[in-house]
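J.: no sequence for this one, just the structure:
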Ligand code: APR
């Protein structure tokens with residue numbers, strides 16, 4: 001039994017991490033183009049690092065909520081592929097192994113010269129990446145090539161490693177597709193709704209769902225902690 005759980009910022013909202021497009025969103029007080037684009041990085045690296053340092057401190061203090069733990073519980077019973085747009089590590093803190101962070105993760109850094117480009121151009125880039133337990137600071141340089149280090153997150157306009165080969169390997173094996181806490185407005189991530197459109201059983205959990213995108217989904221209109229634990233319990237009974 002294979003289940004794909006695709007999540008967005010709404011999954012972590014009840015842990016205290018604001019969503020991107022809701023009131024009090026993560027971007028509040030900052031312009032996306034200043035802190036989440038390669039141009040913003042070129043123009044003001046310190047501003048970008050300050051923004052992510054705030055995000056780092058906030059995310060490190062937050063704890064998983066019942067929805068994160070429900071996904072971890074599901075993974076104890078079935079083959080679960082957890083794909084998230086979130087850069088926080090609350091799913092890992094809840095016990096989920098091998099989370100696909102398709103927009104990167106706050107607890108990793110990489111060289112500013114690390115580009116997710118085909119290996120044939122590898123001599124043009126530095127592949128340095130490493131886990132961090134404190135935010136990247138202005139002046140932190142790559143130990144491999146001396147350029148500046150940056151957060152290992154995907155900025156607008158950058159390539160997203162959707163792990164397409166891995167997705168095609170599982171596409172026809174998925175029995176249940178659960179989407180939780182995403183406005184499904186950002187591509188290519190949102191393409192997953194199309195990619196898994198033929199999965200027989202699909203659920204969409206969100207207090208403010210965009211019904212135009214939800215053909216074939218059972219929509220649970222509400223918060224992740226309200227619906228996900230109960231859904232997981234019913235799946236455990238139904239699919240065991
Ligand atoms: N439970 C479930 N869903 C919730 C909750 C909650 N408690 N609170 C809010 N939501 C929903 C909102 O209704 C919204 O549909 O979560 C969704 C959050 O949408 P966005 O803020 O757009 O976040 P997300 O979909 O993850 O954004 C995708 O955009 O800005 C980029 O890289 C960033 O990964 C992010 C991507």
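T.: Nice, I can see it. Just so we're clear, the structure is a prediction, and the values are computed from it rather than from any experiment.

J.: this protein: strands as residue ranges?
T.: For the chain, the strands defined by DSSP state E cover 2-7, 79-84, 100-101, 104-111, 129-131, 149-153, 174-180, 201-205, 218-220.

J.: burial count for residue 180?
T.: If you count neighbours by other C-beta atoms under 10 Å, residue 180 ends up with 24. Placement of C-beta: from N, CA and C, glycine included.

J.: same check, this time on the one 5 residues further on
T.: The tally of other residues near residue 185 (other C-beta under 10 Å) stands at 12.

J.: low-confidence ranges, this protein, go.
T.: Counting by pLDDT under 70, the chain has low-confidence residues at 22, 24-26, 116-121.

J.: could you measure the one residue sitting closest to the centre of the chain against the ligand, distance?
T.: In the chain, the C-alpha nearest the mean C-alpha coordinate belongs to residue 85, at 2.1 Å (C-alpha atoms, centre = their mean). Distance, residue 85 to the ligand, by C-beta to the nearest ligand atom, to the nearest Å: 3 Å.

J.: I'd like to know how far that residue sits from residue 185.
T.: 11 Å (C-beta to C-beta, to the nearest Å).

J.: what's the domain layout of this structure?
T.: 1-17+64-103+157-240, 33-61+108-153 (automatic domain parsing).

J.: buried sites along stretch 165-185?
T.: 167, 174, 176, 177, 178, 179, 180, 181, 182, 183, 184 (16 or more other C-beta atoms under 10 Å).

J.: and the ligand, which of those residues reach it?
T.: When contact is defined as C-beta under 6 Å from any ligand atom, those meet the ligand at 180, 181, 182, 183.

J.: which positions in this structure make contact with the ligand?
T.: So the chain meets the ligand at 8-10, 13-14, 19-22, 85, 103, 180-183, 185-186, 205-208, 223-224 (C-beta under 6 Å from any ligand atom).

J.: residues of stretch 98-108 that come out buried?
T.: Under 16+ other C-beta under 10 Å, the buried positions of stretch 98-108 are 99, 100, 101, 102, 103, 104, 105, 106, 107, 108.

J.: what residues are up against residue 32?
T.: When contacts are counted by C-beta atoms under 8 Å, 6 or more residues apart in numbering, residue 32 touches residue 156.

J.: doesn't residue 63 make contact with residue 90?
T.: Yes. Counting by C-beta atoms under 8 Å, residue 90 touches residue 63, with 7.4 Å between them.

J.: of these two, which one has the most company?
T.: A side-by-side neighbour count of residue 90 and residue 63, using other C-beta under 10 Å, places residue 90 first with 25 against 10.
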